[in-house]
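K.L.:
Here is a sequence with its predicted model. Questions after.
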Amino acid sequence: MRNFLVVGRTGVGKSSFINSIVGNNVASTSRYEACTKFIQNYTCRNNLGDICIIDTPGLAEDDIECDRKYLEMIKDSVDFTKIDALIYVSRLDETRFRPEEKQTIYLLTEKLGALIWNKAWLTFTFAASVPKESRHIATINRKEQIENFVRIVTSEYGLNPPFQGFKIKLRVDNTSKTWTSKSIPIMSVLTKDR
């Protein structure tokens, strides 16, 4: 079984992303408030393989102490030696690299260790909210912003080998029913041997 730890700020669509992977509404979602307050494991079995998706509380919602408590809960509950990839989730439709995102990356590195980034994937949600003609450039810009900041933070923590960038980059949209009609199913990416 492959294990994936899903992390990111509150409201970026982590639980909706998980629902799209599993194919059912197993994780609670809300447009108005954070739903995930505890770590939740979701197992998905199909002919492509077995996976476990670990949903975590969103960061940068309240105060930094709340974030630290959530991260301690993650650190105490998750066996990082069994994690195949950390999936960092961010919104593609944001035009600026927000301070909350920087804080989230910094706290993830501080509490979970810089090494987690060397097996990290980047997933952009709300991709269909970006006009099709600017989606590619938005993806490149947002990816570079996040990767550059992760490089800075992990170098401060002496990550060796240095962060080389995200292994996998995905664009998804959980609000559009036709979004994945011409793309690769998410499940096939998660179950493929790497």
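P.N.:
Perfect, thanks for sending it.
K.L.:
helix/strand/coil for the residue nearest to Leu92 when sequence neighbours are not counted?
P.N.:
Distances taken as C-beta to C-beta, 6 or more residues apart in numbering put Phe124 closest to Leu92, at 3.7 Å, once the chain neighbours are dropped. Just so you know, the C-beta spots here come from the backbone N, C-alpha and C atoms, and that holds for glycine as well. Recorded secondary structure, Phe124: strand (DSSP: H, G, I helix; E, B strand; the rest coil).
K.L.:
what is Phe124 paired to in the beta sheet?
P.N.:
As for beta bridges, Phe124 partners with Ser90, Arg171 under DSSP bridges.
K.L.:
What confidence value was assigned to it?
P.N.:
Looking at Phe124, its pLDDT is 92.
K.L.:
just Asp193 next, same as before
P.N.:
52.
K.L.:
what does Leu59 give?
P.N.:
Note on Leu59: pLDDT of 89.
K.L.:
how about it, phi and psi?
P.N.:
phi -100, psi 170 (degrees, to the nearest 10).
K.L.:
For Asp173, see how far away the residue nearest to Leu92 is.
P.N.:
As judged by C-beta to C-beta, to the nearest Å, Phe124 and Asp173 stand 9 Å apart.
K.L.:
do the same with Ala85
P.N.:
Computed as C-beta to C-beta, the Ala85 to Asp173 distance reads 21 Å.
K.L.:
who has more neighbours, these two?
P.N.:
When Ala85 and Asp173 are compared for neighbours, Asp173 comes out ahead with 22 against 19, by other C-beta atoms under 10 Å.
K.L.:
So the more buried one lies in a helix, does it not?
P.N.:
No: counting by three-state DSSP, Asp173 is not part of a helix but coil.
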